Structure formats: C-alpha cells, structure tokens
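[1] next input, structure requested:
(4 chains)
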2 protein chains.
Amino acid sequence: MKALKIPEATITRLSIYSRFLKRLDKKGITTVSSGDIAEGVGVSPAQVRKDLAYFGEFGTRGVGYNVKDLIRYTVKILGLSEPWNLVMVGAGNLGSALVTYREFKDRGFTIVGVFDNDLTKIGKRIADLEVLPLEDLPRVVKENNVRIGIIAVPAKAAQEIADIMVKAGLEAILNFAPISLNVPDHVEVRNVDLSVKLEILTFNLALREK
Amino acid sequence: MKALKIPEATITRLSIYSRFLKRLDKKGITTVSSGDIAEGVGVSPAQVRKDLAYFGEFGTRGVGYNVKDLIRYTVKILGLSEPWNLVMVGAGNLGSALVTYREFKDRGFTIVGVFDNDLTKIGKRIADLEVLPLEDLPRVVKENNVRIGIIAVPAKAAQEIADIMVKAGLEAILNFAPISLNVPDHVEVRNVDLSVKLEILTFNLALREK
DNA sequence: AAAGTAATGTCATAAGATTCACAAATGCCC
DNA sequence: GGGCATTTGTGAATCTTATGACATTACTTT
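    Residues are numbered from 1 along each chain as shown, chains lettered A, B, ... in the order given. Take a look at the predicted model:
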C-alpha cells in the first residue's frame, strides 16, 4: 500500500463506497462503473476514480469494476478484513442504542463490553451484555484484544473516560461527547458530533430568509 | 451577513466554538482569545479568527473576545436565536436515544413528534411523546411549524421516509441512515454516518501495522 | 478485423482551505 | 504619557483537494 498521505475525505468516501457496493452485491449486480458509484453516493465519477487510484488499479478500462472484487479491496484498505472488538463506555440511551446498532455488526465490529459508573446502570443487560463497572474495563480490553473504545457519556465525564481508556492501552477512541479530548499522540481520536450537522441545516435555512 | 460563500467546514467549527464558549461562560470566564478557543477545540488560532472574519469583527485587538457577546454572535450566525421544532421518524433504539438526547435541547431543538410505521412501536411513549403513525406526520409538521426532520430508520426504509418528509413540506433532513437520499434541490440533507468515523480509525490502525 | 462505444487511470489545471506574517489597535506598567 | 505586551483582522502565500480532459484499453457489433 502506498505511503503517500491520503486525504481523510478519501477514506470517508471509501467507507461510503464500500457500503454502497455491498448493497449492489446483495442485489446481484456484478459490475459497476465509477459513474454508477458516483451517482449512488452523490459525488463525481472523477472523484471516485481518484479516490481508488490512491490504492491501486482495481478496474478494467472500457468495462468498470467487478463489484465483489472492489468490495474486497475497499474492505481491505479500510482495515476491515478481520473483525474488530470494541468497548463502549456509557450505558445511557445513546450508548445502549449504539451497542445494538446493526450497522456496526454488519461492518465487522463487535462490542464486547459496556461500562458505566452509574450504579443504577451497572448490572443492567443490553443485548447480551451486562453493564459492568469501569474498573473492569482494563481486564475486558486485555482479554479481548480490544484496541478501540467508544465514549457515549456526557461531555463533563468524557475526558476522565478517555484517560481511563488510554491507561488501559486503547489505541483509538470514537467520541460521541461534544467536547475535544486530550490524549497522547499515539492515540487516535475521532469525534462524532450529533448536533453539528443539525446546525449546518439551521445555518442554511436561516440564510434563506436573507 | 455576507453573501460570499462560506466553507461548510467553517460552519462546522463555528458550531463547535459556540458550544465551547458556552462552557467557558458557565465557568464564569468573560474574555477569551483566539488562541484559547483554538486550544480548547483543537484548531489553529488563525483558523478561529479567519472563521469569525467571514461574519464580521467581533473582537478587540490586544484583548480578545467577550465570551457572552461571541456566544450571541455565533448563535445568531448558526440560526439558533430562535428555537427549532423537529420531527423524528424512527422509534427504534437510535431514534429513541436521539429524542431524549440532552444536547439537542440545550442547543434549542425540540422534538415535537416521533413517528414509526411499526405497529409494535406506535403508542409507545418516549420521553413525553407518544409514537405516532407516519400518516400523522404532515399534520404535526403543520401544527408546529416544523421545517426539519430527522431520519433514524434502517437504510432500506430511508428513501421512502424522505419522500414523505418532502411531501409534508419539510425543508431540511438530518439523515442517520447509511444511504444517500434523493430529494429535490430545495430540500437540504445532511448525513450523520455513525460508522464512517469508526472506519477511519480502523484504517489508521491498519496503517500502523505496515 | 475494423470501427465504434464505453470506461478507466492519470496528468494538468483549477478551486478551495489553511497558514503565515504583520500592520493596527488596545490595555498595562512604570 | 511613552513604551511594551497582546491580540485582532487580513492580504498574500502555501498547501491541499477536486475537476477536467484525454490517451489508453476493452468490449461489441457488423
């Protein structure tokens, strides 16, 4: 795989292409063009080809791409050839919803532990998991080779959770709390901010009134 | 407000600055520099100033920004001076979690109706709302001046819901289904994809092995 | 088998976003 | 009240990302 720097936007789109392709495959479609993909996910055909070109030549000129092959390639590129175990911290409404979120499972993610420090939540069952106290996190991480943690707690508790995750040896954190986390350089963080996109919509609607 | 085109990334950051500032305000901090904001949210100081500069001059040279004033400005820019009523379609785990999501309320969003077409969910209560059948959506939209809808249904049902929302006169859609929606140009759509960011993490972790 | 059509891969170009660097303005200290 | 510290606002420069255009390759049809 090339060493040159890949735009994060490319990875984002690759993830979207990958899922779109799986849907095509399920419909029995075997060949697809960059134009088809582009139309299906809302980007330009040149963009699709460019994104794929970072990683190799996967298509056939005059023909297009083999759907199954391209799925395999995108999955490989995204690091999803092998399944991933995750831990979730936060057993509130959002945390619970994410634990049972079908799309995660479909993409090869398995949540192997749910944690909270709220005594009213510990012991509760979510899907087939029992909510455990935070002290158990390091053990579960070790036992299941977990490298990625998800944070779904209120903003004010998030940094403390991040610290615990770092100490437990996690290498990456997906953060749903609307706050920027402080972690060492060797830990990757990505934030999913649920209200930002909503505010982009209100910004745009407000503009219309002008 | 300027007519020139604002990068969407700027709006995204503005939303983040705005919430960061509210947190400072709650702590009693009255003045803040672009450097403080930058550090707090993880961008460069120049970026903060540049983002604000699209909309006016809000600071005082040699001093910084007045926190309360800047909150007012960012809220105004984002179109959040007045509260927004929303409708939610999808009363599954994710939809339910979003209906009770505190951050939405804090930013001035009120969900005034939750809809589903699953008979086992209709009639269920989420927070203080009763889940209604989809037929009731147009009425609730009209009665509450709703302009924005949220979709939290499985991918295969999402387009149908989008069509219903468009027909009901909604102007913007926040889509949590991992699929690209087809809507007329006058309807704004933004997708929140819960697994894309996770796959950026796996991509990066997979790179490390190289 | 030649001509026509389709679609990739990629180089060149254009567009867009971020960073730099500094003049201008403010407050503070001696 | 003059000089020093700060910190904004911004035009220019840089870096990054997306688009355009086309040569190349493959398939299809006659």
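
[2] any idea which helix is longest in chain A?
    helix A:8-26 (DSSP state H).

[3] is that helix anywhere near DNA strand D?
    Yes. Contact between helix A:8-26 and DNA strand D, assessed by CB under 7 Å from any atom of the strand, occurs at A:8-10. To be clear about C-beta, it is placed using only N, CA and C from the backbone, and glycine gets the same treatment.

[4] which of the residues you listed are close to chain B?
    The subset of the residues of helix A:8-26 next to DNA strand D within reach of chain B, by CB under 8 Å from any CB of the partner chain, is A:Glu8.

[5] buried ones among the residues of helix A:8-26 next to DNA strand D?
    Neighbour-count burial (16 or more other CB atoms under 10 Å in any protein chain shown) applied to the residues of helix A:8-26 next to DNA strand D gives A:Thr10.

[6] domain assignment for chain A?
    The record's domain split for chain A, according to automatic domain parsing, is A:8-76, A:84-196.

[7] just to revisit the earlier point, quick check, nearest of the residues of helix A:8-26 next to DNA strand D to A:Ala152?
    When those are compared for distance to A:Ala152 (CB to CB), A:Glu8 wins out at 22.5 Å.

[8] on the three-state scheme, the residue nearest to that closest one when sequence neighbours are not counted is what?
    Using CB to CB, 6 or more residues apart in numbering or on different chains and skipping residues adjacent in sequence, the residue nearest A:Glu8 is B:Ile200, 6.4 Å away. B:Ile200 carries the three-state label helix when classified by DSSP: H, G, I helix; E, B strand; the rest coil.

[9] thinking again about what came up before, any chance of the domains of chain A in TSV, plus distance to DNA strand C?
    What follows is the domains of chain A, written out as TSV (distance: least, CB to the nearest atom of the strand, whole Å):
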stretch	distance to DNA strand C
domain A:8-76	3
domain A:84-196	14
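
[10] nearest to B:Ser96, out of those?
    Judging these by CB to CB, what sits closest to B:Ser96 is domain A:84-196, at 6.5 Å.

[11] pairing partners for the strand ranked longest in chain A, with directions?
    Determined from DSSP state E, the single longest strand within chain A is strand A:109-116. Within its sheet, strand A:109-116 is paired with strand A:84-89 (parallel), strand A:129-133 (parallel), according to DSSP bridges.

[12] out of the ones you listed, which gets nearest to DNA strand D?
    For the strands paired with strand A:109-116, distance to DNA strand D was read as CB to the nearest atom of the strand. The smallest value, 24.9 Å, belongs to strand A:84-89.

[13] just how off-centre is the longest strand of chain A within its chain?
    Offset of strand A:109-116 from its chain centre (CA atoms, centre = their mean, to the nearest Å): 15 Å.
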